[in-house]
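# below are the sequence and a predicted model; questions follow.
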Amino acid sequence: MPLGPLLLSLQVAGLSTLLVLVLGLPLARWLAWHHGPWARLVESLVTAPLVLPPVVCGYGLLLLFAPRGPLGAPLERFFGARVIFHWTGAVLAAAVVAFPLLVRTARAALESVPRGYLEAAATCGSTPGRAFLDVHLPLALPGIAAGAVLAFARGLGEFGATVIVAGNIPGKTQTLPLAMYEALMAGDARGAGQMALLVLGLAVPLLFLADRFQRRALGRDRTALLP
Amino acid sequence: MSGPPVLVLENLAAHAGAFRLEISLTARRWPMVLLGPSGAGKTLLMRLLAGLEIPDAGKMEFAGESWFDDSLGNGARRPPAFRATPRRSIGYCLQDPLLFPHLSVLENVAYPLRNLRPGIGAEECRRRAREELERWGAAHLAGSEVHGLSGGEKGRVALARAFVRRPDLLLLDEPLAALDPPSREELSAAMRRILSEDPRPVIWVTHDRGEALSFGESLVVLLGGKVAQTGSADEVFRHPASVEVAGFVGVGTLLHGLVQAREAGVMRLRCGPLTLRAVGPLAPGTPIVAAIRSEEVELLLPSGAAAGDDGRPGAGPRPAGARPEGGPLSSARNEIAAVVTSVRPLGLTCLVEIDAGVPLTASVTRAAVEELGLAPGRSVRARFKAVAIEVNPEEPWSRTKGLPVHS
C-alpha cells in the first residue's frame, strides 16, 4: 500500500483548503453584499475552473508561475521559492480548482443569514467588521464548513492541473490520483484498484459530512424565521 | 446640559420604493409615542433614526450631535455627513426579537457591552448583563439557549439587550406587538417600571391607540409619511388637527383620576369632581387615564327644558347611574349635567365641547345640534355607558393633569 502518495494528497488537500478559506471568505462576503454587473463578472471568473478542463487551469498556472512568468519570477527573486514541479505547485493547483466550490457555497450560506441579525449587531454598537466576525460568520458556519469539506474532497482528487503544474515525481509531487494513473499505465491493476478504494473510502464520508453541515444550516435557518 | 436631550429632524426625506417620507420634528418630551396606521412610515423613520437607512436629504440631530446633515459644504459636491449606526448611542428593539441564535441568553445581553469604549472586561460585561436580566425579571434565563425560550421570554431578553448599554436614545418599534396578552401586560409593566426608575429618551412605535394615549408624554401622529400632529395625548385626542387624525386617533376626552372602588367588575372612578363607572380589572387606588370617545357621548336636554330654553345646569354632577327625574330608565351607567362651551364642525359631524366640572367632548350630527339648540351656554346632560370608557393605568412620569390624588 503506497502511503507516501496518500499522505502527500492529504497534505496538499489540507493546505489548499486553508488557502481557499483565507482568500475565498472575503470574496464570498463581498459577493454576498454586491449584486451588480461587476459582482456577476467576478463570480463568473471565479466559477470558471468548475467547468474548464483542469488541464486549462494547470496551463494557466504554469504560465503565471513559470520561473520567468509574471508571478513566478518575483516569487523566486524575493523568496527563492519555486512552485513549478514542487509539491507547493500541487497545493496551488488544488486551490484554484477547489476555489469556486468554497466561494459559491460560502456566498449562499452568508446570504441566507437574515439581515436583521446583522442590523441587530450594528445597533448593539458593532462595526461591520465586528458584526461579520461575531454574528455573520458564526451563523453561516455550517454552510461554510460544507464548502470547506467539498473543497478538501475536490483537492484530494485533483489530477489534471496538478500533473501540469507539479508534474508527477514519485516521492516529491506524486499525489494519490497521480500514483493511481501511473499504476494503471504500468499495468498494476491491483495497486490501482486498492488506491481507488482508498479514495472512495475517503470521499464518501467527506461528502456525507458536507451534507450533514448543509442540512444543519437549513434547519437553523428554518427556526430562525420563526418568531 | 440643561433639560432632556432634544431630537431635531429638519425636512428629513427618505424613500422606500414608491413610498416617500418627509419629516420635520422637534422632540424634547420623553417618552415620545409614534402613532400611525401601518404604512405610515413609522418603521422607516425608526430605521433612519437607528442609522440603518441613509436619508435622501435633510438634517437629523440628537442631543446636539449631528447624525445626518446634507447641508454641510453648502451645495459643494461633498457627501452628506452621516453618523453610522455603531457610533450612535441607541438601543433598538423590534417586534422580532432577533436574538443571536448562536449565543446564550447571557451572551446576547452582554454583547452590546463588548462594544463599549473604553472597554470593560469580560467579567464586568457578564456582571452587568446579569444585572440587566434581573431588572427584567429574567435572571433565571441567563444560562439558557435562545431557541428554547417562549415569545415573552425572548421579548424580555431583547429588551434587556437594548437597554443594557444605557443608551441615550431607545428606539422601540412595537416590541410587544407579537406577544400574547398576558406576557404583553407583564412586559409592558416591567418596561414602565424600569423607565420610571431610570428615565431616558424613548421613542415608542405603536398603532395601538390605547397604548399611545396612556404611555406617551408626547405623541406624534404619522400619516402617509408626514407628521400629521404633535402634542400631548390630551391635545391630540381632544383637538385632532385634521379629519384624518380624528379618523385614526379618534376624538374624545382624557380624564386623569383614580380607581375608588371595584365591585363585580365595575370600577368607580374619581376624575376631578366626577364619579364615573367603568369596566376593568384595576385595583382601587390605581391612578388611571380614562379615555372617552366623543362618539360614545350622548347629549340630551335636561328634563323640562324645551329646545331653545337657556337653562342653567342643575345641582352639579349627579351621582353616576342615577336617572334624570322623569326620564326613561337607561342602561348607561354615567349621566352628568353640563353646559355647552363650544360647537365646531369636524368633517360630517360637529364636536360639542361641554363643561361638566371637567371638559368633555361629544360628537353629534349637525341635525342634532339644530334640534337640541346646542350653543355655548346651553344646559345639557351627557350620557355614556360604563363600557364606553377605556381605562388605562396612568404612567408614573406623566404629570398630574387631573386633580390632586386622594383616596
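Good, I have the coordinates.
# tell me what B:Asn334 is bridged to.
Beta bridges link B:Asn334 to B:Phe384 when assigned by DSSP bridges.
# which helix in chain A has the most residues?
In chain A, assigned by DSSP state H, the helix with the most residues is helix A:189-225.
# quick one: mean pLDDT for it?
Across helix A:189-225, the average pLDDT comes to 77.
# which strands and helices lie in contact with it?
Applying 3 or more Cβ pairs under 8 Å, 6 or more residues apart in numbering or on different chains; DSSP states H and E, one finds that helix A:189-225 contacts helix A:137-156, helix A:176-185. In short, each C-beta sits where N, CA and C put it, glycine included.
# quick one: residues in contact with the shortest one.
Residues from elsewhere that reach helix A:176-185, judged by Cβ atoms under 8 Å, 6 or more residues apart in numbering or on different chains: A:2, A:5-6, A:8-9, A:156-159, A:162-163, A:168, A:170, A:174, A:189, A:191-192, A:195-196, A:198-199.
# residues contacting the residue in the stretch 151-300 of chain B positioned nearest to chain A?
Nearest residue of the stretch 151-300 of chain B to chain A, counting by Cβ to the nearest Cβ: B:Ala178, 5.4 Å away. B:Ala178 sits next to A:Pro227, B:Gln95, B:Asp96, B:Gly151, B:Gly155 when contact means Cβ under 8 Å, 6+ apart.
# quick check, the residue in chain B closest to chain A?
Relative to chain A, the nearest point of chain B is B:Asn115 (3.3 Å; Cβ to the nearest Cβ).
# spatially nearest residue to that residue, not counting backbone neighbours?
Leaving aside its sequence neighbours, B:Asn115 sits nearest to A:Gly125 (Cβ to Cβ, 6 or more residues apart in numbering or on different chains; 3.3 Å).
# need the pLDDT of the one you found.
On the pLDDT scale, A:Gly125 gets 93.
# what about it, neighbour count?
Neighbour count for A:Gly125, taken as other Cβ atoms under 10 Å in any protein chain shown: 24.
# doesn't it lie inside a helix?
No. Assigned with DSSP: H, G, I helix; E, B strand; the rest coil, A:Gly125 falls outside any helix and is coil.
# partner strands of the helix or strand harbouring B:Leu34, parallel or antiparallel?
For B:Leu34, the host element (DSSP states H and E) is strand B:32-35. Note on strand B:32-35: by DSSP bridges, its sheet partners are strand B:202-206 (parallel), strand B:218-223 (parallel).
# other residues contacting it?
By Cβ under 8 Å, 6+ apart, the surrounding residues in contact with strand B:32-35 are B:7, B:42, B:45-46, B:201-207, B:209, B:211-212, B:215-222, B:233, B:248-249.
# cool, and stretch B:221-236?
Contacts for stretch B:221-236 (Cβ under 8 Å, 6+ apart): B:19-25, B:27, B:29, B:33-37, B:40-42, B:44-45, B:212-214, B:216-220, B:240-242, B:244-245, B:248-249, B:254, B:289, B:401.
# and with 6 Å instead?
Stretch B:221-236 is contacted by residues B:20-21, B:23, B:25, B:35-36, B:40-42, B:213, B:216, B:219-220, B:241, B:244-245, B:249, B:254 when judged by Cβ atoms under 6 Å, 6 or more residues apart in numbering or on different chains.
# same question, stretch A:124-132
Stretch A:124-132 has contacts (Cβ under 6 Å, 6+ apart) with A:Leu118, A:Ala121, A:Ala122, B:Pro86, B:Tyr111, B:Pro112, B:Asn115.
# which of the contacts of strand B:32-35 are buried, as a PyMOL select command?
Of the contacts of strand B:32-35, the buried ones can be selected in PyMOL as follows, counting by 16 or more other Cβ atoms under 10 Å in any protein chain shown:
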select buried, chain B and resi 7+42+45+46+201+202+203+204+205+206+207+209+211+212+215+216+217+218+219+220+221+222+233+248+249
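# so A:Phe85 sits against A:Ile164, correct?
No. Counting by Cβ atoms under 6 Å, A:Phe85 does not reach A:Ile164; the two are 10.1 Å apart.
# which element is B:Met267 on?
Using DSSP H and E, B:Met267 sits within strand B:266-271.
# which strands or helices does that strand pack on?
Using 3 or more Cβ pairs under 6 Å, 6 or more residues apart in numbering or on different chains; DSSP states H and E as the contact test, the elements touching strand B:266-271 are strand B:252-263, strand B:274-279.
# sheet partners, orientation included, of that strand?
Partners of strand B:266-271, by DSSP bridges, with direction: strand B:252-263 (antiparallel), strand B:274-279 (antiparallel).
# now the longest one: average pLDDT?
Put plainly, it is strand B:252-263. 86.
# got a list of contacts for that strand?
Outside strand B:252-263, the residues touching it (Cβ under 6 Å, 6+ apart) are B:234, B:237, B:267-271, B:282, B:284, B:286-294, B:360-361, B:401-402, B:405.
# what about A:Leu101, how many residues nearby?
The burial count for A:Leu101: 25, using other Cβ under 10 Å.
# now it: how far from A:Phe159?
As judged by Cβ to Cβ, to the nearest Å, A:Leu101 and A:Phe159 stand 16 Å apart.
# B:Leu98 now?
The gap separating B:Leu98 from A:Phe159 is 47 Å, by Cβ to Cβ.
# where does pLDDT dip in the chain?
Chain wasn't specified; assuming chain A. Across chain A, the ranges flagged by pLDDT under 70 are A:1-2, A:217-227.
# ah, no, chain B please
B:1-2, B:72-79, B:304-328, B:395-407.
# any idea how far the closest residue to chain B within chain A lies from B:Val164?
Relative to chain B, the nearest point of chain A is A:Gly125 (3.3 Å; Cβ to the nearest Cβ). Separation of A:Gly125 from B:Val164 (Cβ to Cβ): 11 Å.
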